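Visitor: starting from these lines, generate the structure:
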Amino acid sequence: MTAEPAPRSVTVDAELIRGMTSDATIYTLTRPLAVIAYTALIAAFIVNAIALGMIGGADQERSTTLTWTLVAIAALIVASIIFTRASARRGITAAMPSGSSVRARLGEQAIELFTKRGVSRMPYATFRAVRIGRHAVILLLRGASIVTTVPRAALSDTDIAELKSRI
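Guide: Next up is the predicted model:
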């Protein structure tokens with residue numbers, strides 16, 4: 001029986017939180033349903049812009065309505081991206097506050113995450129997939145659209161390969 005290697009320790013700082021937030025946001029915004037939703041919003045924006053161009057200044061009331069519709073669609077797109085990023089950041093900083101230390105260890109049956117809040121032991125069977133970002137390892141839960149993020153630096157390349165093989 002071989003001893004398990006000691007987990008790698010990572011100090012959480014503002015740069016790591018930003019990077020993990022970006023990875024989680026990109027993952028969320030590139031899900032198939034999100035891509036469909038943004039495609040529909042962009043198509044609506046383009047159709048309204050074309051209609052506005054065709055009407056021109058001929059019909060002031062329609063022109064004003066179409067202009068406000070364009071502004072509303074653009075605001076909806078921007079607000080949803082900002083909200084997604086804020087939600088990801090809030091979740092990451094709640095689990096791993098800046099200045100804290102995070103360690104991860106792969107066991108036989110589960111990944112263990114050591115944070116300021118304690119130890120989380122998450123069986124591999126809990127997850128349906130793993131995505132590797134530049135700053136975060138994103139673990140997708142089975143039967144839910146919820147993810148768990150682990151700092152990429154807390155896992156070695158060997159750990160990442162093993163994690164992928166187990167999930």
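Visitor: excluding its backbone neighbours, what's nearest the spatially most central residue of the chain?
Guide: Centroid check for the chain by Cα atoms, centre = their mean gives A24 as the closest residue, at 1.8 Å. Take A24 and drop its neighbours on the chain: the residue closest to it by Cβ to Cβ, 6 or more residues apart in numbering is A88, 3.9 Å away. Every residue, glycine included, has its C-beta placed from N, CA and C.
Visitor: so that neighbour sits in a helix?
Guide: Yes: under DSSP: H, G, I helix; E, B strand; the rest coil, A88 sits within a helix.
Visitor: can you tell me how far it sits from V147?
Guide: 9 Å (Cβ to Cβ, to the nearest Å).
Visitor: identify the contacts common to the two.
Guide: A24 (Cβ atoms under 8 Å, 6 or more residues apart in numbering).
Visitor: please say which of these two ends up with more neighbours.
Guide: Using other Cβ atoms under 10 Å, the more surrounded residue of A88 and V147 is A88, with 24 against 19.
Visitor: list the contacts for that one?
Guide: Taking Cβ under 8 Å, 6+ apart, one finds 21, 24-25, 28 in contact with A88.
Visitor: doesn't V47 belong to a helix?
Guide: Yes: per three-state DSSP, V47 lies within a helix segment.
Visitor: pretty sure L113 contacts L106?
Guide: No: applying Cβ atoms under 8 Å as the test, L113 and L106 come out as separate, 10.6 Å apart.
Visitor: neighbour count winner among the two?
Guide: Using other Cβ under 10 Å, the more surrounded residue of L113 and L106 is L113, with 24 against 20.
Visitor: any idea how far A72 is from that one?
Guide: L113 is 41 Å from A72, by Cβ to Cβ.
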